[in-house]
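Novice: Next comes the sequence, and after it the predicted model I'd like to discuss.
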Amino acid sequence: MKITTIILAAGKGTRMRSELPKILHQIANRPLLKHVYDTAKQLENNSVSIVVGHGAELVTGALKELDANWVEQRQQLGTGHAVQQVSKQIADDDTVLILYGDVPLLRCSTLKSLVSCVNNQSLALLTVNLISPAGYGRIVRNEVGQVTKIVEEKDATTIEKQINEINTGIMAVQGKQLKKWLSQLNNSNAQGEYYLTDVIEMAVADQINIVTSQPETEDEVLGVNNRIQLSHLERVYQLEQANNLMEQGVTLRDPKRFDQRGSIVNLGQDIVIDINVILEGNNSIGSHVKIGANTCIKNSIIGDHVEILANCVIEDAEIGRGCRIGPYARLRPESVLREDVHIGNFVEIKKSSVATGSKINHLSYIGDTTVGSKVNIGAGTITCNYDGVNKFRTIIEDGAFIGSDTQLVAPVIIGKNATIGAGSTITKDSPDNQLTLSRAKQLTIAGWQRPVKKEK
């Protein structure tokens with residue numbers, strides 16, 4: 001079976017009150033439309049067409065990497081009119097699946113079930129029962145329960161408005177049949193639009209069976225029309241991610257205060273994650289890892305037995321087995337820590353490698369630096385790697401001891417087992433096994449007195 005998926009994504013989204021097209025607003029750092037597309041692409045033998053309208057250039061520019069046929073609906077004249085824009089690309093024997101770019105949490109299993117119901121004599125329709133169905137098109141059935149039509153809220157009678165089963169707009173239908181019905185649509189309704197839902201009555205008239213199915217949850221088919229709904233679906237999505245991690249053995253101190261905005265490509269055992277942790281991009285987390293509260297980790301590799309204390313920011317970094325990070329530490333891109341490294345509070349590492357067993361425990365900046373093994377870097381140490389135009393590298397060899405409040409002005413090499421005295425500014429290479437320091441002579445001025453404020 002060949003599937004042609006049509007994603008309708010032309011709406012403006014006025015209630016979002018935003019210059020950004022609605023479908024580019026994000027859940028878990030991914031545009032709504034990208035969620036829908038990614039789910040659709042899980043279906044085998046499936047080609048995707050996306051109908052855009054409002055902000056078309058913004059949408060196609062933001063998502064240009066998608067393998068899709070982009071079609072512009074220059075005038076927004078309804079859902080039926082939107083699908084008509086793609087009709088020439090629909091083959092007669094295609095199974096056409098119609099989705100919406102602002103319904104991000106659909107599951108692939110729901111779509112597979114829906115398309116499996118389509119044949120020459122049936123059309124598949126996704127419906128859901130709502131306690132409060134106001135605003136949605138109602139599913140009208142006859143006395144034996146067969147679907148006869150869908151009536152929109154503004155066209156519904158008082159009795160029809162009491163129906164709780166509503167139309168999600170999501171359907172699957174044979175291509176030949178759909179093209180026939182699309183050519184027969186008219187806009188004789190309260191909105192003056194071409195409703196895709198009118199094909200249901202046409203299918204009934206052609207004695208085509210309307211097969212309905214329902215999703216596992218109501219949230220799966222909810223669309224986003226305003227910021228409240230966007231926030232609601234964000235939390236639904238995040239709780240699903242949290243539940244998935246817990247099923248794989250991760251301890252989350254509070255699943256409602258956890259965000260996964262990407263994927264975990266490798267997941268170990270006995271991981272404990274405290275509150276308000278954010279995982280972004282693609283991360284790998286080893287076994288026996290503890291992640292403290294309010295920590296953000298992005299595109300990083302975390303080895304086994306790593307402890308990350310509270311309030312750390314880690315981005316595009318690699319942390320080896322047995323390391324201890326934080327609290328309040330920042331690892332910037334291209335930071336690589338080997339085994340058993342300690343990075344303490346208010347330490348920032350950028351584009352640097354730190355070898356096994358080294359310690360940088362307090363208030364330091366280490367940038368563009370190669371740090372050897374068993375190095376101890378004292379509080380307040382700064383590698384001065386930038387002259388305003390170019391960046392230079394600092395090399396600190398194995399066993400070196402860097403005293404507190406030291407500035408290492410790159411390019412510079414600190415030799416093996418060298419000691420740098422506290423308060424030094426080092427501008428030249430220091431030899432192995434020697435003490436190097438640079439300090440102004442300490443003076444005490446006899447008889448000096450503090451100034452006294454003069455009376456006015």
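Specialist: All right, it came through fine.
Novice: Tell me the buried residues in the helix ranked longest in the chain?
Specialist: Across the chain, the helix with the greatest residue count (assigned by DSSP state H) is helix 227-247. Buried residues in helix 227-247, counted by 16 or more other CB atoms under 10 Å: Leu230, Leu233, Glu234, Val236, Tyr237, Gln238, Gln241, Ala242, Leu245. Where you see a C-beta, it was placed from the backbone N, CA and C, and this is true even at glycine.
Novice: Same check on stretch 429-448?
Specialist: Residues Ser430, Thr436 are the ones in stretch 429-448 that count as buried (16+ other CB under 10 Å).
Novice: just to revisit the earlier point, now tabulate the buried residues of helix 227-247 in CSV and tack on distance to Leu196 and pLDDT.
Specialist: Formatted as CSV, the buried residues of helix 227-247 follow (distance: CB to CB, whole Å; pLDDT from 0 to 100):
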residue, distance to Leu196, pLDDT
Leu230, 24, 97
Leu233, 23, 98
Glu234, 28, 98
Val236, 26, 97
Tyr237, 27, 98
Gln238, 32, 98
Gln241, 32, 97
Ala242, 36, 98
Leu245, 38, 97
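Novice: In TSV: these, plus distance to Lys64.
Specialist: Output for those, formatted as TSV (distance: CB to CB, whole Å):
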residue	distance to Lys64
Leu230	23
Leu233	25
Glu234	25
Val236	29
Tyr237	24
Gln238	27
Gln241	27
Ala242	32
Leu245	32
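Novice: Just read off the phi/psi values of Val364.
Specialist: No Val there; residue 364 is Ser. Dihedral pair for Ser364: phi -130, psi 150, per degrees, to the nearest 10.
Novice: Around it, how many other residues sit close by?
Specialist: Close neighbours of Ser364, defined as other CB atoms under 10 Å, add up to 23.
Novice: How about it, nearest residue that isn't a chain neighbour?
Specialist: Among residues not flanking Ser364 along the chain, Thr381 sits closest, at 4.4 Å (CB to CB, 6 or more residues apart in numbering).
Novice: so that neighbour makes contact with Gly367?
Specialist: No - in this structure, Thr381 is not within contact of Gly367 by CB atoms under 8 Å, at 11.3 Å.
Novice: Show me which of the two is the more surrounded one.
Specialist: For Thr381 versus Gly367, neighbours defined as other CB under 10 Å are more numerous around Thr381 (24 against 21).
Novice: I'd guessed Gly320 sits against Gly303; true?
Specialist: Yes - using CB under 8 Å, Gly320 is in contact with Gly303, at 4.8 Å.
Novice: Overlap of the contact sets of those two?
Specialist: Taking CB atoms under 8 Å, 6 or more residues apart in numbering as the contact rule, Gly320 and Gly303 both touch Glu339.
Novice: so what are the domain limits for this structure?
Specialist: The record's domain parsing of the chain by automatic domain parsing lists 3-221, 227-436.
Novice: Quick one: end-to-end length of the longest one, please.
Specialist: Put plainly, it is domain 3-221. Its start and end residues considered, domain 3-221 measures 20 Å (CA to CA, to the nearest Å).
Novice: Show me what the mean pLDDT comes to for that domain.
Specialist: What domain 3-221 shows for mean pLDDT is 94.
Novice: in the stretch 351-456 of the chain, which spans are helices?
Specialist: Taking DSSP state H, counting those that start in this stretch, the stretch 351-456 of the chain contains no helices at all.
Novice: all strands of it, in order?
Specialist: Taking DSSP state E, counting those that start in this stretch to define them, one finds strands in the stretch 351-456 of the chain at 353-354, 359-362, 365-367, 369-371, 376-377, 382-384, 394-396, 401-402, 407-409, 412-414, 419-420, 425-426, 435-436.
Novice: possible to save the domains of the chain as a markdown table with distance to Arg450?
Specialist: A markdown table is the format used below for these (distance: least, CB to CB, whole Å):
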| stretch | distance to Arg450 |
| --- | --- |
| domain 3-221 | 57 |
| domain 227-436 | 24 |
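Novice: To Lys456, which of these lies closest?
Specialist: domain 227-436 (40.1 Å; CB to CB).
Novice: Contacts only, for Asp377.
Specialist: Small correction: residue 377 is Ile, not Asp. Ser358, Lys359, Ile360, Asn361, Ser364, Ile366, Val371, Ile396, Ile402.
Novice: Most neighbours among those residues, please name it.
Specialist: Using other CB under 10 Å as the neighbour test, these are led by Ile396, with 30 neighbours.
Novice: any idea how far that residue is from Leu77?
Specialist: Distance, Ile396 to Leu77, using CB to CB, to the nearest Å: 68 Å.
Novice: Leu130 too?
Specialist: Leu130 sits 27 Å away from Leu77 when distances are taken as CB to CB.
Novice: ditto for Cys108
Specialist: Noted for Cys108: a distance of 31 Å to Leu77, by CB to CB.
Novice: out of these two, which sits in the more crowded spot?
Specialist: Leu77 (17 against 13).
Novice: Assign that one to one of the three secondary structure states.
Specialist: coil (DSSP: H, G, I helix; E, B strand; the rest coil).
Novice: Could you pull out the helices in the stretch 101-250 of the chain for me?
Specialist: Under the criterion DSSP H, counting those that start in this stretch, helices of the stretch 101-250 of the chain are mapped to 108-115, 175-182, 198-205, 227-247.
Novice: Ala134: which of those helices is closest?
Specialist: Counting by CB to CB, Ala134 lies closest to helix 227-247 out of the helices of the stretch 101-250 of the chain; the figure is 14.5 Å.
Novice: name the helices or strands packed onto the closest one?
Specialist: With contacts defined as 3 or more CB pairs under 8 Å, 6 or more residues apart in numbering; DSSP states H and E, the packing partners of helix 227-247 are strand 26-27, strand 251-252, strand 258-267.
Novice: hang on, the earlier thing: and the buried residues of helix 227-247, which is closest to Thr168?
Specialist: Closest approach between the buried residues of helix 227-247 and Thr168, by CB to CB: Leu233, at 14.5 Å.
Novice: Quickly note the distance from that closest one to Gln449.
Specialist: Noted for Leu233: a distance of 70 Å to Gln449, by CB to CB.
Novice: ditto for Ser113
Specialist: Counting by CB to CB, the separation of Ser113 from Gln449 is 89 Å.
Novice: between these two, who's got more neighbours?
Specialist: Remark: of Ser113 and Gln449, Ser113 carries more neighbours, 16 against 6, as counted by other CB under 10 Å.
Novice: Tell me which residues touch that one, please.
Specialist: Contacts of Ser113 (CB under 8 Å, 6+ apart): Ser213.
Novice: Would you mind measuring from it to Val83?
Specialist: 22 Å.
Novice: Using CSV, list the CA coordinates for stretch 103-115.
Specialist: Extracted C-alpha coordinates of stretch 103-115, given in CSV (Å, rounded to 0.1, in the frame of the first residue of the first chain):
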residue,chain,number,x,y,z
VAL,A,103,-2.0,18.5,16.1
PRO,A,104,1.4,17.4,17.4
LEU,A,105,0.9,14.5,19.7
LEU,A,106,-0.7,11.9,17.3
ARG,A,107,0.8,8.4,17.7
CYS,A,108,2.0,6.3,14.8
SER,A,109,-0.1,3.4,16.1
THR,A,110,-3.2,5.5,15.7
LEU,A,111,-2.4,6.3,12.1
LYS,A,112,-1.5,2.7,11.2
SER,A,113,-4.8,1.6,12.6
LEU,A,114,-6.6,4.3,10.6
VAL,A,115,-5.0,3.6,7.2
